[in-house]
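K.L.:
predicted structure and sequence below. I'll ask about it afterward.
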Amino acid sequence: MTTYTEKQVYLVCSGDLRLSANLSCWAAQVEMEDLLGKALNAQGWTVKRAHAYDEKKKHGFIDSQRMGIEVFKAIDPNVPLIVAESVWQYSHHVLAGLTTHKAPILTVANWSGQWPGLVGMLNLNGSLTKAEVNYSSLWSEDFSDDFFNKGLAEWLSTGKITHDASHVKAFNAVNIPPADEAVGRKFGGILRDNKAIMGVFDEGCMGMFNAIVPDDLLHKTGIFKERLSQSALYAKMRTVTEQEAEKVLEWLLQKGMTFKWGTESLTELTREQTLDQCKMYIAAMRMADDFGCDTIGIQYQQGLKDLTATSDLVEGLLNNQDRPPVFSESGKELYANEALPHFNEVDECAGIDALVTYHLWKELGMPGENTLHDIRWGEHFKGDGIDDFVWLFLISGAAPPAHFINGYAGASSERQPPMFFHLGGGSLKGISKPGSLVWSRIYIQNNALHCDLGVGDAVFLPAEETERRWQNTTPQWPIMHATLSGVSRDQMMARHQANHIHVVYTTDEASSHKACRIKAAALEEMGITVHFCGDVDHEGKKYA
């Protein structure tokens with residue numbers, strides 16, 4: 001690394017597009033930047049903020065791609081740069097400038113669940129990896145711990161940070177039992193050769209560059225995009241009758257689902273908002289059938305957010321095999337007794353995973369319901385038979401009731417936070433049941449599709465601990481408490497290439513290892529390079 005005599009770094013912070021979110025999160029960003037500045041000062045370096053606080057907007061975030069491009073015009077590309085995140089951010093706000101920055105880049109997040117800063121940093125990291133931009137990454141609760149300060153010193157002196165990746169093994173470096181590999185490769189080959197359609201309701205949600213799969217890479221897997229418009233989805237919603245929407249709602253109420261309705265639509269969930277979501281559910285199924293889609297993703301955050309209630313309840317219902325029946329306008333039941341895999345926020349990497357996992361799990365004789373979650377936060381928990389780092393996985397939508405304790409009877413719908421969803425609509429909230437898992441993430445690196453995957457468990461935490469974690473994050477959203485076998489907190493954060501992680505249940509621990517191997521072989525057959533992470537039984541001695 002070049003020796004920097006001035007020992008000064010630039011700092012930028014990408015924010016949300018939505019003013020309400022930036023205003024709510026600004027105080028946390030100020031606190032984070034203050035602690036980060038002190039840590040840099042302690043090592044003899046100073047910070048130069050590359051963009052000022054905006055007196056009119058009342059925050060200091062980069063809140064658009066245009067603003068980001070203009071900010072980077074004034075940044076010396078040969079000076080080290082830190083992207084500091086304590087909030088959800090739109091990666092494309094800063095991506096253009098980062099692609100041409102020549103000096104070392106460090107992405108930093110505060111270890112807090114209050115706002116999705118960790119989620120935002122992981123999305124930026126995955127976007128930078130896809131864009132083939134070199135960067136390093138760090139995270140800390142208060143920026144005084146040894147892990148953070150050692151990493152910071154390494155970056156300041158060498159321009160990069162080397163994290164522990166000993167938990168990762170390549171597919172070809174391990175010994176997969178021949179029977180497992182044969183099952184997986186047969187499934188992957190059939191899916192690839194038969195081809196499938198991914199319905200995309202407007203691409204590029206919230207600047208998530210990492211979540212857009214180039215068509216040429218996708219086509220090699222046998223999956224092809226059907227580009228659909230959210231305006232067409234809204235138009236289709238307007239053809240759904242009130243009676244049809246009421247039937248969906250009545251079905252959910254009969255299942256024991258709870259709706260926390262109020263009368264103030266600006267801050268409370270109303271029955272009218274829920275009925276709009278029921279119309280969207282029917283409309284999405286009908287459009288998927290019209291175009292022969294095997295999986296769909298609805299963006300919502302841009303476009304639909306200014307027209308109607310959120311898509312989150314819709315997404316969770318679509319991902320569940322047991323769901324309200326939907327009929328075409330001519331009376332044909334659509335996708336009868338099947339889920340229609342939905343990928344939240346049009347994350348196309350998750351769309352590949354959802355489609356493969358749903359059908360492969362059914363082939364293996366296990367329930368195929370699966371979902372992505374945000375990697376929101378986590379803490380070590382000791383008690384009730386647990387002594388481990390327990391992740392808090394959380395997502396606004398897409399979690400199926402089959403994942404929840406007591407299913408629909410354990411599910412509720414609460415108004416989405418106004419700072420993100422000003423027209424309201426309800427979530428599909430629940431606590432994920434204990435059980436063995438396979439987790440995964442498909443991502444893009446060096447212009448090729450890759451997948452990290454491993455095993456773990458959803459664990460049960462006491463009610464007071466669950467509530468504490470909910471209140472420290474977003475209490476309206478479905479939650480999963482998860483442990484990942486053989487993968488530490490810092491290994492996961494250093495390696496993971498997305499804000500999202502994909503999860504699916506298995507029958508037991510033995511089946512999680514076996515299914516993980518089979519899924520790996522299926523993805524390899526589809527042309528996706530697989531990396532095992534953590535304590536997967538690669539040799540197959542115990543579970544073959």
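P.N.:
Sure thing, it's come through.

K.L.:
what stretches of the protein score poorly on pLDDT?
P.N.:
For the chain, applying pLDDT under 70 flags the ranges 1-3, 537-544.

K.L.:
how about 80 then?
P.N.:
Residue ranges of the chain with pLDDT under 80: 1-5, 537-544.

K.L.:
please give the element, helix or strand, for Asp452.
P.N.:
With secondary structure defined by DSSP states H and E, Asp452 is part of strand 448-458.

K.L.:
in the next helix or strand after that strand, what counts as buried?
P.N.:
Counting by DSSP H and E, the next helix or strand C-terminal to strand 448-458 is helix 463-471. For helix 463-471, a neighbour-count test (16 or more other Cβ atoms under 10 Å) marks Glu465, Arg469, Trp470 as buried. In this view, the C-beta of every residue, glycine as well, is placed from N, C-alpha and C.

K.L.:
does the first one touch Phe381 like I think?
P.N.:
Right, Glu465. Yes - if you go by Cβ atoms under 8 Å, Glu465 and Phe381 touch, sitting 6.8 Å apart.

K.L.:
for Pro434, list the residues it contacts.
P.N.:
By Cβ atoms under 8 Å, 6 or more residues apart in numbering, Pro434 lies in contact with Asp457, Ala458, Val459, Phe460.

K.L.:
make a markdown table from these and add distance to Ala109 and neighbour count to it.
P.N.:
Below are the contacts of Pro434 laid out as a markdown table (distance: Cβ to Cβ, whole Å; neighbours: other Cβ atoms under 10 Å):
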| residue | distance to Ala109 | neighbour count |
| --- | --- | --- |
| Asp457 | 25 | 20 |
| Ala458 | 24 | 23 |
| Val459 | 24 | 19 |
| Phe460 | 28 | 18 |
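
K.L.:
dump the residues you listed to a markdown table, plus distance to Val503.
P.N.:
Output for these, formatted as a markdown table (distance: Cβ to Cβ, whole Å):
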| residue | distance to Val503 |
| --- | --- |
| Asp457 | 11 |
| Ala458 | 8 |
| Val459 | 13 |
| Phe460 | 16 |
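
K.L.:
which among those gets closest to Leu218?
P.N.:
Ala458 (29.9 Å; Cβ to Cβ).

K.L.:
all helices for the stretch 1-150 of the chain, in order.
P.N.:
Counting by DSSP state H, counting those that start in this stretch, the stretch 1-150 of the chain has helices at residues 19-42, 65-73, 92-99, 117-130, 146-158.

K.L.:
in the last one, what counts as buried?
P.N.:
Residues of helix 146-158 classed as buried: Phe148, Asn149, Gly151, Leu152, Trp155, Leu156 (neighbour count, 16+ other Cβ under 10 Å).

K.L.:
tell me which two in the residues you listed are the farthest apart.
P.N.:
Pairwise distances across those (Cβ to Cβ) peak at 12.3 Å, for the pair Phe148 and Leu156.

K.L.:
count of neighbours near Cys278?
P.N.:
By other Cβ atoms under 10 Å, 27 other residues sit near Cys278.

K.L.:
surely it is in a helix?
P.N.:
Yes - counting by DSSP: H, G, I helix; E, B strand; the rest coil, Cys278 is part of a helix.

K.L.:
go ahead and confirm it touches Val248.
P.N.:
Yes - the criterion here is Cβ under 8 Å, and Cys278 meets it with Val248 at 4.0 Å.

K.L.:
common neighbours of these two, please.
P.N.:
Pro324.

K.L.:
buried ones in the longest strand along the chain?
P.N.:
Longest strand of the chain, by residue count under DSSP state E: strand 370-383. Residues of strand 370-383 classed as buried by neighbour count (16+ other Cβ under 10 Å): Asn370, Thr371, Leu372, His373, Asp374, Ile375, Arg376, Trp377, Gly378, Glu379, Phe381.

K.L.:
equivalent analysis for stretch 18-29, please.
P.N.:
In stretch 18-29, counting by 16+ other Cβ under 10 Å, buried: Arg18, Ala21, Asn22, Ser24, Cys25, Trp26, Ala28, Gln29.

K.L.:
if we can go back for a sec, distance to Tyr505 added to the buried residues of helix 146-158, as TSV?
P.N.:
Below are the buried residues of helix 146-158 laid out as TSV (distance: Cβ to Cβ, whole Å):
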residue	distance to Tyr505
Phe148	35
Asn149	39
Gly151	35
Leu152	39
Trp155	39
Leu156	44
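
K.L.:
quick one: which of the residues you listed is nearest to Leu355?
P.N.:
Closest approach between the buried residues of helix 146-158 and Leu355, by Cβ to Cβ: Gly151, at 37.4 Å.

K.L.:
where's that closest one relative to Arg323, distance?
P.N.:
Plainly put, Gly151 is 46 Å away from Arg323 if you go by Cβ to Cβ, to the nearest Å.
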